[in-house]
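**Q** Could you look at this predicted model? Sequence included:
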Amino acid sequence: MKHARIIGFISVKGGVGKSTAVANLGLILAKEFNKKVLVVDGNFSAPNLALHFGFVKPQYTLHDVLEGKVGIQKAIYEHLSGMHLLPAALLSRRVDYAKLGKYLAGLRSFYDIILVDSSPSFSDEMLAAVCASDELFVLTTPDYVTLASTLHAVKIAKQKRTYLSGLIINKVRGKRYELSLDDIQDATKVPVVSVIHDDEGFLESLSKTKPLAALKDKSDTVIEYKKLAAALVGERYNDKRLTTRVRGLFRRRLSPDEVNRA
């Protein structure tokens with residue numbers, strides 16, 4: 001019998017890439033690893049997760065569920081990849097966020113993994129996602145302003161005693177002025193498990209309303225998501241690209257984020 005892990009993705013600052021991470025990981029887990037996956041838009045005030053899949057006008061949403069208008073199964077939709085999506089209403093209204101955990105717990109037997117995209121601010125919405133989750137990933141970018149918000153997100157997770165699986169550093173450009181992986185780990189005391197480089201492909205994916213993993217599944221960025229997805233289900237992703245094999249001849253040591261994933 002299935003018993004889904006509920007994994008939340010949080011930040012206390014917008015624009016760090018939570019929704020993008022949830023969309024790509026959900027698609028990869030369903031398509032590449034054949035898992036039963038549900039992605040949930042827990043950003044009640046400014047939801048956009050469904051838009052990553054070109055889904056604009058759902059008949060029922062998580063808002064309707066929390067208002068008691070429909071059962072939760074009516075608000076879940078299946079994507080072509082086999083992944084399921086629970087969207088929130090684009091024109092939001094206030095609901096009882098605290099009920100989120102109860103409803104998601106009732107879905108554990110239907111899925112292997114449930115991924116929750118949270119609100120990008122310290123609010124009752126974000127706390128609902130934190131409390132509904134078994135474990136959390138904190139999204140950050142390699143700059144001081146975002147790091148300050150990341151420290152706050154880490155503090156909230158620890159206060160609520162929700163397990164922190166690690167940090168995902170997003171939008172990395174490889175510039176000298178950026179904070180390093182070690183800088184961020186030292187400040188937060190949380191391991192970095194994935195480093196996602198800034199990729200123009202994300203802009204293309206937004207314009208086509210498809211996750212990058214559906215457009216360029218062999219790109220370096222998508223491969224990094226695949227490695228993280230594999231770690232989430234206790235596997236190791238084998239990158240079979242020729243360029244990777246050639247680089248491997250010259251690089252024997254694992255990078256810190258690879259070590260942390262393992």
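**A** That came through, no problem. Numbering: from 1, shown residues only.

**Q** ok, and what's touching the host helix or strand of Val65?
**A** Assigned by DSSP states H and E, Val65 belongs to helix 62-66. Applying Cβ atoms under 8 Å, 6 or more residues apart in numbering, the external contacts of helix 62-66 come out as 40-42, 44, 70-72, 74-75, 86-89, 92-93, 95-97, 99-100, 103. For glycine as for every other residue, the C-beta is placed from the backbone atoms N, C-alpha and C.

**Q** what's the next secondary structure element after the one helix or strand Thr150 maps to?
**A** Per DSSP H and E, Thr150 falls inside helix 144-159. Later in the chain than helix 144-159, the nearest helix or strand by DSSP H and E is strand 163-172.

**Q** how much does the helix or strand just after that next one deviate in direction from helix 144-159?
**A** Remark: after strand 163-172, the chain's next helix or strand is helix 181-188, criterion DSSP H and E. Inter-element angle recorded for helix 181-188 and helix 144-159: 50 degrees (by axes from the mean of the first three to the mean of the last three Cα atoms, to 10 degrees).

**Q** which helices and strands sit right next to helix 181-188?
**A** If you count contacts as 3 or more Cβ pairs under 8 Å, 6 or more residues apart in numbering; DSSP states H and E, helix 181-188 packs onto helix 144-159, strand 163-172, strand 192-197, helix 256-261.

**Q** hmm, back to that, now what about the helix or strand following the helix holding Val65, what contacts it?
**A** Beyond helix 62-66 in the direction of the C-terminus, DSSP H and E gives the next helix or strand as strand 77-78. Identification of contacts with strand 77-78 by Cβ under 8 Å, 6+ apart yields Phe55, Pro58, His84, Leu85, Leu86, Pro87.

**Q** Direction included, what does strand 77-78 pair against?
**A** Strand 77-78 pairs in its sheet with strand 84-86 (antiparallel), by DSSP bridges.

**Q** which residues touch the strand it pairs with?
**A** Residues outside strand 84-86 that contact it (Cβ under 8 Å, 6+ apart): 26, 36-41, 49-50, 53, 55, 62, 72, 75-79, 111.

**Q** make it 7 Å
**A** 37-41, 50, 53, 55, 62, 75-79 (Cβ atoms under 7 Å, 6 or more residues apart in numbering).

**Q** ok, and what's touching the following helix or strand past it?
**A** The helix or strand immediately downstream of strand 84-86 is helix 100-105, counting by DSSP H and E. Contacts to helix 100-105, defined as Cβ under 7 Å, 6+ apart, come from residues Ile6, Val40, Gly42, Val65, Ile72, Ile114, Ala128, Ala129, Cys131, Ala132.

**Q** By neighbour count, which of these wins?
**A** With neighbours taken as other Cβ atoms under 10 Å, the top of the contacts of helix 100-105 is Gly42, carrying 30 neighbours.

**Q** Quick check: beta-bridge partners of it?
**A** Going by DSSP bridges, Gly42 forms beta bridges with Ser118.

**Q** wait, it sits on Ser118?
**A** Yes. Using Cβ atoms under 7 Å, Gly42 is in contact with Ser118, at 4.9 Å.

**Q** Pull up the overlap in contacts between the two.
**A** Joint contacts of Gly42 and Ser118 (Cβ under 7 Å, 6+ apart) are Ala129.

**Q** before we move on, the earlier item: filter the contacts of helix 62-66 down to the buried ones.
**A** When these are checked for burial by 16 or more other Cβ atoms under 10 Å, the buried set is 40-42, 44, 72, 75, 86-89, 92, 95, 97, 99-100, 103.

**Q** Which residue is the nearest non-sequential neighbour of Gly106?
**A** In this structure, Gly106 finds its nearest non-sequential neighbour in Ile72, 7.0 Å apart by Cβ to Cβ, 6 or more residues apart in numbering.

**Q** Could you list which residues are in contact with Ile168?
**A** With Cβ under 7 Å, 6+ apart, Ile168 has these contacts: Ala21, Phe137, Leu139, Val193, Ser194, Ile196.
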